[in-house]
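1. Give me the fold of what follows.
(one chain, ligands or ions: 1)
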Amino acid sequence: MPGRILDGKKIGAAIRADAAEAAREFARSGRPPGLAVVLVGDDPASAIYVRGKIKASREAGIASETHRLAATTTASELGGLLDRLNRDEAVDAILLQLPLPDGLDASEFLARIRPEKDVDGFHPENVGRLVAGLPGPCPCTPAGIMEMFRREGIQVKGSRAVVVGRSDIVGKPLALLLLHQHATVTVCHSRTRDLPAVCREADILCTAIGRPAMVGADAIREGAVVVDVGMNRAETEEQVRDFFGDDDRRLARFRRNGYTLVGDVHPVAMRERSSAYTPVPGGVGPLTIAMLLANTVALAVARQSAG
Ligand code: NDP
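-> Prediction:
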């Protein structure tokens, strides 16, 4: 029997509705929660992501502003802007959109954001809090996945979880969150020997790799929950047919746009072997934006109660 779809759009909408309610509640104190997004350079994908984040935050009643800086911005200009936002009382949350143009070191500027305003949870202090299991902002994609497990009643405690990918923004924090929820966690990466064999041990298999449909049926235990974070492009008709069979909607999308999105897991294998799975698109992506809103409101509330 095909696996149940974990509908990120629906779950994301519920998280956003809760964030909007919390934002309304916060606004009774005199002002709405405030989010500042900093976009440096002209990476087209980043511009699209930022537009989506701003639109979603406004819909949730968050006062959001975008600061666009040229690709030629110097380290001292970017640092100066972050310092101003750190001091601005109406700004509760600061998001520095990555990647930064060459010559600007992301880790330096992520550490410049005050930890209490670090909406992505990338500041070293917040990374430490996550490792120690202390409250604080968590990176949005892994936090969204954990929230999805909670809302969908997926049992994490005691499960065998395998995370493929060890990036600072997805793989590592997700592994820690699963561990804190009492899963037994294995983290895989490009040097892992016999990846399918390790993946087959998973009750919960999470992939954040960035390789189109790389994980096949031989890596999925029958009945596993599969969370596919990857967002890759299938760019030839042969790939589209290999990944999606004769799915007319996918072929139409490919012919219209010149590509269609595919995750890290082969879509047919995922559907046929899992008990539940996140589709691509419409799975993890909408959860990420929803958690940005939830994190923003949580930071506003925490700053307010800290006085
Ligand atoms: P990174 O490139 O930072 O990390 C990729 C990880 O995958 C690395 O740890 C790498 O291992 C591992 N890897 C690469 N090739 C293999 C392989 N052949 N076998 C096993 N492991 C491998 O990527 P991100 O974590 O930033 O993103 C991963 C994917 O998730 C991308 O497709 C990205 O677009 C997507 N994404 C989606 C989001 C969403 O909201 N839906 C949000 C964030 C990311 P090693 O460390 O050894 O190099």
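
2. for the residue lying closest to residue 122 once chain neighbours are set aside, what are its contacts?
-> Leaving out its chain neighbours, the residue that sits closest to residue 122 by C-beta to C-beta, 6 or more residues apart in numbering is residue 110, at 4.5 Å. For the C-beta atoms, the positions are set from N, CA and C on the backbone; glycine is no exception. Contact analysis of residue 110 by C-beta atoms under 8 Å, 6 or more residues apart in numbering lists 96, 118, 120, 122-123.

3. Out of those residues, which is nearest to the ligand?
-> residue 120 (10.8 Å; C-beta to the nearest ligand atom).

4. quick one, what contacts the residue in the stretch 1-150 of the chain that the ligand sits nearest to?
-> Of all residues in the stretch 1-150 of the chain, residue 141 sits closest to the ligand, at 4.3 Å by C-beta to the nearest ligand atom. Applying C-beta under 8 Å, 6+ apart to residue 141 gives the contacts 169-170, 174, 208, 229, 284, 287-288, 291.

5. Secondary structure element holding it?
-> helix 140-152 (DSSP states H and E).

6. for residue 176, same thing?
-> helix 171-180.

7. Next, the distance between the ends of stretch 227-235.
-> 23 Å (C-alpha to C-alpha, to the nearest Å).

8. Return the distance of that stretch from the chain's centre.
-> Counting by C-alpha atoms, centre = their mean, to the nearest Å, stretch 227-235 is centred 13 Å from the centre of its parent chain.

9. contacting residues around residue 19?
-> By C-beta under 8 Å, 6+ apart, the neighbours of residue 19 are 60, 62, 290, 293-294, 296-297.

10. how about the helices in the stretch 151-300 of the chain?
-> According to DSSP state H, counting those that start in this stretch, the stretch 151-300 of the chain carries its helices in the segments 171-180, 195-199, 237-244, 248-257, 267-273, 284-306.

11. between the longest one and helix 140-152, how many degrees?
-> Put plainly, it is helix 284-306. Here helix 284-306 points in a direction 100 degrees away from that of helix 140-152 (axes from the mean of the first three to the mean of the last three C-alpha atoms, to 10 degrees).
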